[in-house]
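**Student:** No sequence on hand, only this structure:
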């Protein structure tokens with residue numbers, strides 16, 4: 001039986017891949033970058049699909065840090081925007097992070113029960129490829145999408161992961177996946193600077209997050225997944241809530 005990979009986008013598309021034995025959530029600007037950075041810093045990270053879910057969870061955790069944006073704006077009562085840079089500048093790593101975003105955290109939370117949902121970005125795409133190639137046979141790599149669009153940064157990251165799996169012996173499931181891999185294979189990472197997401201960061205004076213993403217390419221040799229309601233290293237014991 002051949003190993004296969006498919007690329008898609010939007011959280012709603014997850015339901016189409018119930019037979020996949022691994023899902024990979026990608027939201028380079030910025031939810032999966034923030035989540036991966038959070039866990040790499042030694043924090044616990046809880047992605048949630050909405051502000052309401054964030055506030056409900058906050059009532060059950062001890063001194064949590066509320067991080068996120070909805071429609072580009074930080075919700076009232078939150079401590080930080082969905083910013084990996086702002087997160088790295090804090091020293092209170094003992095505080096659990098509750099993360100919400102317009103699309104990325106919804107994708108992270110969309111997996112079916114018992115179906116592995118990995119959280120990846122440009123910081124750990126090679127490690128993600130190696131882990132998938134060793135542990136899984138049918139993989140769906142899914143970009144978060146923004147305003148219904150498959151943004152360049154997510155398409156590039158999805159394609160790089162899928163291309164790595166092709167090199168490890170996987171086959172593509174459809175023509176659109178093959179076309180995306182061909183489009184982004186070998187593309188310079190700076191190509192993501194032309195996306196609407198990058199323009200938004202520049203326009204709102206948050207270009208530091210774009211600079212952080214560009215400066216942290218493949219610098220983490222780690223894999224992260226959603227287990228229960230928390231982003232962890234696979235098979236790691238969940239941190240106390």
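**Tutor:** Looks like it arrived, so ask away. What you see is a predicted model, and the numbers here were worked out from it, not measured in a lab. Numbers count the residues shown, from 1 in each chain.

**Student:** distance of residue 130 from residue 218?
**Tutor:** Going from residue 130 to residue 218 by C-beta to C-beta, to the nearest Å gives 11 Å. Just so you know, the C-beta spots here come from the backbone N, C-alpha and C atoms, and that holds for glycine as well.

**Student:** From the neighbour counts alone, determine which of the two ranks first.
**Tutor:** Set side by side, residue 130 and residue 218 show more neighbours around residue 130, with 16 against 13, by other C-beta atoms under 10 Å.

**Student:** Which residue ranges of the protein form helices?
**Tutor:** 31-40, 51-58, 84-88, 104-108, 125-135, 152-167, 175-184, 196-203, 207-215 (DSSP state H).

**Student:** Would you mark the buried spots in the fifth one?
**Tutor:** Burial within helix 125-135, assessed by neighbour count using 16 or more other C-beta atoms under 10 Å, is assigned to 125-133.

**Student:** Looking at those, which is nearest residue 105?
**Tutor:** residue 128 (18.3 Å; C-beta to C-beta).

**Student:** Please look at the closest one and residue 25 and confirm they touch.
**Tutor:** No - between residue 128 and residue 25 there is no contact under C-beta atoms under 8 Å: 10.7 Å.

**Student:** Report the set of residues contacting both of these two.
**Tutor:** Shared contacts of residue 128 and residue 25, defined by C-beta atoms under 8 Å, 6 or more residues apart in numbering, are found at 118, 120.

**Student:** any low-confidence regions in this structure?
**Tutor:** The model of the chain has pLDDT under 70 over residues 1, 235-241.

**Student:** Spatially central residue in it, please.
**Tutor:** The centroid of the chain falls nearest to residue 32 when counting by C-alpha atoms, centre = their mean (2.7 Å).

**Student:** can you tell me how far that one sits from residue 142?
**Tutor:** Using C-beta to C-beta, residue 32 is found at 11 Å from residue 142.

**Student:** and what of residue 45?
**Tutor:** Where residue 142 is concerned, residue 45 sits at a distance of 19 Å (C-beta to C-beta).

**Student:** repeat for residue 4
**Tutor:** The value you get for residue 4 to residue 142, if C-beta to C-beta is used, is 15 Å.

**Student:** Which residue of these two possesses the greater neighbour count?
**Tutor:** Ranked by neighbour count (other C-beta under 10 Å), residue 4 and residue 142 place residue 142 first, with 29 against 17.

**Student:** Tell me the bridge partners for that one.
**Tutor:** residue 8, residue 25 (DSSP bridges).

**Student:** which residues does the residue nearest to residue 185 when sequence neighbours are not counted contact?
**Tutor:** Excluding its sequence neighbours, the residue lying closest to residue 185 (C-beta to C-beta, 6 or more residues apart in numbering) is residue 163, at 5.1 Å. By C-beta under 8 Å, 6+ apart, the contact set of residue 163 is 181, 184-185.

**Student:** Check residue 21 too.
**Tutor:** Taking C-beta under 8 Å, 6+ apart, we find residue 21 in contact with 115-116, 136-139.
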